[in-house]
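In: 3D, please:
(one chain, ligands or ions: 1)
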Amino acid sequence: MQSIELDVNGMTCGHCVTAVTQALLGVSGVVHADVSLANNHAHVEHDGTVRLESLISAIEEEGYAAGASVSKSNSE
Ligand SMILES: [Cu+2]
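Out: All right, here's what the predicted structure looks like:
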């Protein structure tokens, strides 16, 4: 299992979280998606075939903005 961290902007309520979650789960290869309204963040687990761009496109199609989240553990 691989995971991708995303920053998601534009979410304002639980409906938005549901929309983004469903969009992510709709991408082929995605097996789990945790979307946080408070943190504007999405954690996506996938089978290794999913590209970051596919996830961003799916979120943008729902009307939200997304980008790769910089890992907090990256000290460089
Ligand atoms: Cu909303």
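
In: is it true that residue 28 touches residue 46?
Out: No: Residue 28 lies out of contact with residue 46 (C-beta atoms under 8 Å); the separation is 9.2 Å. Heads up, the C-betas are built off the backbone N, CA and C, glycines and all.

In: quick one: which of those two has more around it?
Out: Applying other C-beta atoms under 10 Å to residue 28 and residue 46 shows that residue 46 carries more neighbours, namely 21 against 9.

In: how about that one, what does it touch?
Out: 1-4, 27, 29-31 (C-beta atoms under 8 Å, 6 or more residues apart in numbering).

In: what separates it from residue 25, distance-wise?
Out: Taking C-beta to C-beta, to the nearest Å as the measure, residue 46 falls 10 Å from residue 25.

In: how about the helices of the chain, start to end?
Out: For the chain, the helices defined by DSSP state H cover 14-25, 52-61.

In: Could you check the pLDDT of residue 75?
Out: At residue 75, the pLDDT value in this model is 41.

In: Flag every residue of this structure that's near the ion.
Out: Contacts of the chain with the ion, taken as C-beta under 5 Å from the ion, map to 12-13, 15-16.

In: got a winner among these for most neighbours?
Out: residue 16 (17 neighbours).

In: I figured that one hits residue 9, correct?
Out: No: in this structure, residue 16 is not within contact of residue 9 by C-beta under 8 Å, at 10.5 Å.

In: Need the overlap of contacts for the two.
Out: residue 64.

In: tell me which residues form a beta bridge with the residue nearest to the spatial centre of the chain?
Out: Centroid check for the chain by C-alpha atoms, centre = their mean gives residue 42 as the closest residue, at 4.0 Å. Residue 42 has these beta-bridge partners by DSSP bridges: residue 6, residue 35.
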